[in-house]
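**Q** Kindly return the folded structure for what I paste below:
(2 chains, ligands or ions: 6)
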Number of protein chains: 2
Amino acid sequence: MMDGHEVTVVDNFFTGRKRNVEHWIGHENFELINHDVVEPLYIEVDQIYHLASPASPPNYMYNPIKTLKTNTIGTLNMLGLAKRVGARLLLASTSEVYGDPEVHPQNEDYWGHVNPIGPRACYDEGKRVAETMCYAYMKQEGVEVRVARIFNTFGPRMHMNDGRVVSNFILQALQGEPLTVYGSGSQTRAFQYVSDLVNGLVALMNSNVSSPVNLGNPEEHTILEFARLIKHLVGSGGEINFLSEAQDDPQRRKPDIRKAKLLLGWEPVVPLEEGLNKTIHYFRKELEYQA
Amino acid sequence: MMDGHEVTVVDNFFTGRKRNVEHWIGHENFELINHDVVEPLYIEVDQIYHLASPASPPNYMYNPIKTLKTNTIGTLNMLGLAKRVGARLLLASTSEVYGDPEVHPQNEDYWGHVNPIGPRACYDEGKRVAETMCYAYMKQEGVEVRVARIFNTFGPRMHMNDGRVVSNFILQALQGEPLTVYGSGSQTRAFQYVSDLVNGLVALMNSNVSSPVNLGNPEEHTILEFARLIKHLVGSGGEINFLSEAQDDPQRRKPDIRKAKLLLGWEPVVPLEEGLNKTIHYFRKELEYQA
Ligand SMILES: NC(=O)c1ccc[n+]([C@@H]2O[C@H](COP(=O)([O-])OP(=O)(O)OC[C@H]3O[C@@H](n4cnc5c(N)ncnc54)[C@H](O)[C@@H]3O)[C@@H](O)[C@H]2O)c1
Ligand SMILES: NC(=O)c1ccc[n+]([C@@H]2O[C@H](COP(=O)([O-])OP(=O)(O)OC[C@H]3O[C@@H](n4cnc5c(N)ncnc54)[C@H](O)[C@@H]3O)[C@@H](O)[C@H]2O)c1
Ligand SMILES: O=c1ccn([C@@H]2O[C@H](COP(=O)(O)OP(=O)(O)O)[C@@H](O)[C@H]2O)c(=O)[nH]1
Ligand SMILES: O=c1ccn([C@@H]2O[C@H](COP(=O)(O)OP(=O)(O)O)[C@@H](O)[C@H]2O)c(=O)[nH]1
Ligand SMILES: O=c1ccn([C@@H]2O[C@H](COP(=O)(O)OP(=O)(O)O)[C@@H](O)[C@H]2O)c(=O)[nH]1
Ligand SMILES: O=c1ccn([C@@H]2O[C@H](COP(=O)(O)OP(=O)(O)O)[C@@H](O)[C@H]2O)c(=O)[nH]1
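**A** Ligands and ions are numbered 1, 2, ... in the order given. From the prediction side, this is the model:
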């Protein structure tokens, strides 16, 4: 909007909140539509960032049927809209299309290792077929598509009940509760700060790269290292609680981002500790606001 | 219908033909509805065999968007119907959920090796997410589901333009044309005769096995062996024409059917040559009928 673009946000507020965009409400170039993408949508746009989907494991497992409908019917609707108005569509896909990977780090040519009938399948298979749909509309209808395979991302404005590891650990540390590590904590992830992702998404949207592109920070840590780091940054003396392992939990994950570097000139720039400190600050305020 | 059951056939006749069921038309327990499963369907039934989908590579690649809609929206509609009327639903899934497999033979625990954005993805990913949908409705809504992972099947009543290897080779041999082998012909398949499959589907539907079950004939041959066998059975002197390889063509495929044997007491009984002879007989008649 700073560049004069008109922005329409479409959300059914399943996990989103008006509060996240309230600073834009009233701006002449901003519009907010309370709408579920499972229903058709008729608006006029040039670019569609198709981000609508439950994203954290507890959220997408809460109602697997709805997760599937959002990623299948919802994606078909957004592609139908893109086709009708001639808009370019960017799909927020995910590293979960690689599942529990047998190739490390994961590059865009890897076909993935996903359990089609496991507890994560509503999300993983939903996103896989959403990608398939994008390329079907591209080849058959000439719709311009961009596919971002987003790796774990965190930052301010995350929901307190999101349930993903960063918000869980920070909130637990801030409240002096034990940090809940699922399994041994030896599984790895690589975490990207939200502003890096946003820059990557905009760069991808405005590039001419129609094939999938990984967007993530390749700095890999075990979940246990991560728990210790957050405890340290928060300055909490709390302990670490080892809970049972999550089913089909990917054991290693780290993006190969050579494609994004080469074709988009993009790479993450925010150091992990800096991003975490900003997020800790945000959650501290949220807890104060609640109290 | 011989057992007194009422049967309603729902088909949009994309690749199906009225002729395949014409001998039932007029029977008091038989009904034929011209309907596309991408649209909602309100009928009263106890069991749903959800077979609607383009199935041969040329057919499902002809309109990938429609293939995706049929397998996603179509499956959601059939599951919605099953939920509303309390029916049991059997999904005709496929060995294609295993993709180009890295495990041989393929058993039901294998997660598969599928290219989510390749030319076969509209079918493979469509069927994978259709399975995911079945288990989501089972867990969340208590819908009774059965999932048959069907391996290559052939038999009379196949469409002349089906485009799959058995009908292609037989028609070519009968017409004295060269048999078209894609690639070197060293890729393998295992072919099941249609009556064996039908018995397996009925056994699965009426069993209490809700997890996926492979239905196929484990007798594996290379495509080249297969071309030679069909030439021999037809008695054609024609040559074999090696064409370019199909993209992402699975290199080996053979079902592990121990689960079906153990839990359904089912296994294929029709020998390959006998099934082929019946199919050759059928296509000979079809050609005469056309002439
Ligand atoms: N954050 C990550 O680590 C990550 C990683 C990979 C992919 N992604 C993808 O990025 C996108 C955004 O994720 P996020 O982390 O911001 O999650 P989020 O839960 O904060 O945001 C998802 C948004 O989609 C909305 N939504 C859900 N279903 C909807 C529907 N049917 N109709 C309209 N709106 C709907 C929610 O209300 C919410 O505002 C998602 O598509 C997610 O799959 C995120
Ligand atoms: N024959 C095989 O080798 C094989 C292997 C694996 C799975 N299958 C599955 O078995 C099922 C039947 O396959 P087949 O070999 O008999 O193929 P087929 O093409 O002969 O039959 C498919 C039928 O579905 C109908 N159909 C397609 N789209 C439809 C729609 N949108 N609404 C209503 N009807 C629709 C077609 O008109 C046709 O009658 C398919 O689901 C297929 O994926 C077949
Ligand atoms: O501006 C539009 C155009 C289409 N659609 C939806 O997008 C879906 C897919 O569009 P497509 O053009 O493929 O569908 P068709 O109209 O051909 O069935 C349709 O079902 C519509 O519900 C939409 O939401 N907004
Ligand atoms: O409170 C939590 C939440 C998550 N995890 C683990 O942290 C990793 C990342 O989980 P998250 O839900 O954030 O995202 P995922 O990458 O699994 O989608 C996984 O190995 C989880 O098992 C954890 O140990 N404790
Ligand atoms: O008898 C029925 C009941 C439902 N549906 C369709 O099945 C879909 C999925 O059903 P579900 O109950 O999940 O949908 P809901 O009504 O909750 O949106 C719906 O969109 C309906 O179009 C149908 O075709 N026949
Ligand atoms: O005219 C044909 C049709 C198919 N094939 C090959 O036969 C195998 C089986 O193909 P089909 O289309 O019957 O089914 P699929 O198992 O690939 O779905 C594949 O390796 C095809 O490349 C062939 O060599 N010639």
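
**Q** For residue A:106, the count of nearby residues, please.
**A** Other residues near residue A:106 number 25, with proximity taken as other CB atoms under 10 Å in any protein chain shown. Backbone N, C-alpha and C define where each C-beta goes, glycine included.

**Q** Touching, it and residue A:252? I think so.
**A** No. Using CB atoms under 8 Å as the test, residue A:106 is too far from residue A:252 to be in contact (9.0 Å).

**Q** which residues in the stretch 151-291 of chain A form helices?
**A** Applying DSSP state H, counting those that start in this stretch to the stretch 151-291 of chain A gives helices spanning A:165-174, A:194-205, A:223-234, A:258-264, A:272-290.

**Q** just how off-centre is stretch A:98-111 within its chain?
**A** 17 Å (CA atoms, centre = their mean, to the nearest Å).

**Q** Other residues contacting it?
**A** A:95, A:112-115, A:120, A:124, A:149, A:211-214, A:218, A:220, A:248-256, A:258-259, B:99, B:111, B:113-116 (CB atoms under 8 Å, 6 or more residues apart in numbering or on different chains).

**Q** so which of those residues also contact ligand 4?
**A** residue A:249 (CB under 6 Å from any ligand atom).

**Q** now the contacts of stretch A:98-111: which count as buried?
**A** A:95, A:112-115, A:120, A:124, A:149, A:212-214, A:218, A:220, A:248, A:250, A:252-256, A:259, B:99, B:111, B:113-116 (16 or more other CB atoms under 10 Å in any protein chain shown).

**Q** Give the closest residue to residue A:160 in space, chain neighbours not counted.
**A** residue A:286 (6.1 Å; CB to CB, 6 or more residues apart in numbering or on different chains).

**Q** Surely that neighbour and residue A:161 touch.
**A** No. Judged on CB under 8 Å, residue A:286 makes no contact with residue A:161 at a distance of 11.1 Å.

**Q** of those two, who's got more company?
**A** Neighbours were counted for residue A:286 and for residue A:161 using other CB under 10 Å; residue A:286 has more, 19 against 12.

**Q** what about chain A, any weak spots by pLDDT?
**A** Within chain A, no range satisfies pLDDT under 70.

**Q** where does it come near ligand 3, residue by residue?
**A** A:40, A:41, A:42, A:76, A:77, A:80, A:81, A:83, A:84.

**Q** Verify the contact between the second one and residue A:77 for me.
**A** In this case it means residue A:41. Yes. Between residue A:41 and residue A:77 there is a contact at 6.1 Å, judged by CB under 8 Å.

**Q** can you give me the strands for chain A?
**A** A:7-11, A:30-34, A:47-50, A:88-94, A:145-150, A:153-154, A:179-182, A:188-190, A:192-193, A:213-215, A:220-222, A:240-243 (DSSP state E).

**Q** Just want the angle from the fifth one to strand A:88-94.
**A** By that I understand strand A:145-150. 20 degrees (axes from the mean of the first three to the mean of the last three CA atoms, to 10 degrees).

**Q** Pairing partners for strand A:145-150, with directions?
**A** Strand A:145-150 pairs in its sheet with strand A:88-94 (parallel), strand A:213-215 (parallel), by DSSP bridges.

**Q** So is it next to ligand 1?
**A** Yes. For strand A:145-150 and ligand 1, the contact criterion (CB under 6 Å from any ligand atom) is met by residue A:150.

**Q** and the angle from that strand to helix A:194-205?
**A** Going by the same axes, to 10 degrees, strand A:145-150 makes 160 degrees with helix A:194-205.

**Q** what residues does strand A:145-150 touch?
**A** Contacts of strand A:145-150 (CB under 8 Å, 6+ apart): A:79, A:82, A:88-95, A:97-98, A:108, A:131, A:134-135, A:137-138, A:197, A:200-201, A:204-205, A:207, A:209-216, A:255, B:117.

**Q** Buried members of the residues you listed into ChimeraX, please.
**A** In ChimeraX, this line selects whichever of the contacts of strand A:145-150 come out buried by 16+ other CB under 10 Å:
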select /A:79,82,88,89,90,91,92,93,94,95,97,98,108,131,134,135,137,138,197,200,201,204,205,209,210,212,213,214,215,216,255 /B:117
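
**Q** which of the contacts of strand A:145-150 are close to ligand 1?
**A** Answer for these near ligand 1 (CB under 6 Å from any ligand atom): A:92, A:94.

**Q** which residues touch stretch A:35-46?
**A** A:8, A:10-12, A:33, A:50, A:52, A:66, A:69-70, A:73-74, A:77-78, A:80-81, A:84-85, A:87-88.

**Q** anything in that stretch near ligand 1?
**A** Yes. Shown here: stretch A:35-46 in contact with ligand 1 (CB under 6 Å from any ligand atom) through A:36, A:37, A:38.

**Q** Now tabulate these in TSV and tack on neighbour count and distance to residue B:240.
**A** Shown next, in TSV, are the residues of stretch A:35-46 next to ligand 1 (neighbours: other CB atoms under 10 Å in any protein chain shown; distance: CB to CB, whole Å):
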residue	neighbour count	distance to residue B:240
A:36	18	55
A:37	23	51
A:38	17	50
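
**Q** List the ones among those that fall in helices.
**A** With DSSP state H as the criterion, helices contain none of those.

**Q** on that earlier part again, from the strands of chain A, which stretch is densest packed?
**A** strand A:213-215 (a mean of 26; mean count of other CB atoms under 10 Å in any protein chain shown).

**Q** Now do it: everything it contacts.
**A** A:95, A:106-108, A:146-151, A:192, A:197, A:200-201, A:204, A:255-257, A:259-260, A:263-264, A:266.

**Q** one more time with 10 Å, if that's ok
**A** Identification of contacts with strand A:213-215 by CB atoms under 10 Å, 6 or more residues apart in numbering or on different chains yields A:92-93, A:95, A:98, A:105-108, A:110, A:146-151, A:153, A:192, A:196-201, A:203-204, A:207, A:254-260, A:263-264, A:266-268.

**Q** For whatever residue of the stretch 151-291 of chain A ends up closest to ligand 1, name its beta-bridge partners.
**A** Per CB to the nearest ligand atom, residue A:153 is where the stretch 151-291 of chain A lies closest to ligand 1, at 3.8 Å. Applying DSSP bridges to residue A:153 gives these bridge partners: residue A:192.

**Q** OK, contacts around the residue in the stretch 151-291 of chain A that ligand 2 sits nearest to?
**A** Distance from ligand 2 to each residue of the stretch 151-291 of chain A (CB to the nearest ligand atom) is smallest for residue A:248, at 25.5 Å. Residue A:248 makes contacts with A:99, A:100, A:113, A:114, A:115, A:118, A:119, A:120, A:121, A:124, B:111, as judged by CB under 10 Å, 6+ apart.
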